[in-house]
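# Predicted model and sequence below, questions to follow.
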Number of protein chains: 2
Amino acid sequence: MTQNSPWLDAIQFDDKGLIPAIAQDATTGKVLMVAWMNAEALDETVATGQAVYWSRSRQRLWRKGEESGHVQVVHEIRLDCDGDVVLLKVKQEGNIACHTGRASCFYRRLDGTSSKATWAAVDPILKDPELIYK
Amino acid sequence: MTQNSPWLDAIQFDDKGLIPAIAQDATTGKVLMVAWMNAEALDETVATGQAVYWSRSRQRLWRKGEESGHVQVVHEIRLDCDGDVVLLKVKQEGNIACHTGRASCFYRRLDGTSSKATWAAVDPILKDPELIYK
């Protein structure tokens, strides 16, 4: 498959054949999540216009939204200077990217300084995960 | 050092002791770069309020801006749901994060579809890198 996609040659996959992919809301700029892609996931993402990742825990392609319906429609794909991270600008269906039911996976903020700092969950749960993955 | 920073316990470092860190402009939301941190880099980032990464190529701490002056002042640190990616919201001194002299490392955009797509450098070079790293 990849031999038909010369643009994949610019990608520096890691020693596991993966590259981190950042999903960013195309409108608000909010960083929604980071997942991983292999060549097949990236190729299918480009071909279909919807984000497809490689699930490291399940060791298979993960078509984002396949269970939740929270598909990511890809508006733009960017590659960084080293070619080892991709950035997807997406429309997040349902406005929920995180499996916890939040808009973004980055819902924990470090409050306080140095040794006394703590992680605070500062973003609301928009939908009960049990209702998302029923 | 890390034993004095309990908040580090929430971080899931990879098998090399590293975690990817996204730097995002705190004002504009532009994703500037992705680099890696070990526990020491993250601890020093929190302690000093300036981004410190682990350079995989040089195998040493990389205090962002140490050569270029393009320091990143950290306004906020976020952690994702899996605890394996951090997001820094920063003020980028000099407005140049990339060693190519561009605002962001993500200056290549995939244009076209599927097999005929190509990466286009769509963001301007703001300053000649030879003048940055002289």
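Arrived safely, thanks for sending.

# three-state assignment of whichever residue of chain A sits closest to chain B?
Chain A approaches chain B most closely through residue A:29 (2.7 Å), counting by Cβ to the nearest Cβ. Every C-beta, even on glycine, is put in place using the N, C-alpha and C of the backbone. The local conformation at residue A:29, judged by DSSP: H, G, I helix; E, B strand; the rest coil, is coil.

# next one: residue A:134
coil.

# How about residue A:43?
Assigned by three-state DSSP, the conformation of residue A:43 is helix.

# And the pLDDT for it?
Per-residue pLDDT puts residue A:43 at 95.

# surely it meets residue A:7?
No: in this structure residue A:43 lies outside contact range of residue A:7 using Cβ atoms under 8 Å: 9.4 Å.

# Tell me, how many residues neighbour the residue of chain A closest to chain B?
Residues lying near residue A:29 (other Cβ atoms under 10 Å in any protein chain shown) number 14.

# Please name the residues that touch it.
Applying Cβ atoms under 8 Å, 6 or more residues apart in numbering or on different chains, we find residue A:29 in contact with B:24, B:28-30.

# can you rerun that using 7 Å?
Under the criterion of Cβ atoms under 7 Å, 6 or more residues apart in numbering or on different chains, the neighbours of residue A:29 are residue B:29.

# in the lowest-mean-pLDDT helix or strand in chain A, what counts as buried?
Within chain A, no helix or strand scores below helix A:129-132, which has a mean of 90 by mean pLDDT, DSSP states H and E. Neighbour counts over helix A:129-132 (16 or more other Cβ atoms under 10 Å in any protein chain shown) mark residue A:132 as buried.

# what's the distance between it and the middle of its chain?
A distance of 19 Å separates the centroid of the chain from that of helix A:129-132, by Cα atoms, centre = their mean, to the nearest Å.

# Keeping just the C-alphas, turn it into PDB.
Provided in PDB are the C-alpha atoms of helix A:129-132 (Å, rounded to 0.1, in the frame of the first residue of the first chain):
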ATOM      1  CA  PRO A 129     -18.400   7.000  29.400                       C
ATOM      2  CA  GLU A 130     -20.900   4.200  30.200                       C
ATOM      3  CA  LEU A 131     -23.400   6.000  27.900                       C
ATOM      4  CA  ILE A 132     -20.700   6.500  25.200                       C
END
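
# Give me the helices and strands touching that helix, please.
Packing contacts for helix A:129-132, counted by 3 or more Cβ pairs under 7 Å, 6 or more residues apart in numbering or on different chains; DSSP states H and E, involve no helix or strand.

# Quick check: residues of chain A near chain B?
Selection of chain A residues close to chain B by Cβ under 7 Å from any Cβ of the partner chain yields A:4-5, A:7, A:10, A:20, A:22, A:24, A:29, A:31, A:33-34, A:46-47, A:76-81, A:85, A:87, A:98-100, A:105-106, A:108-110, A:113-115, A:117-119.
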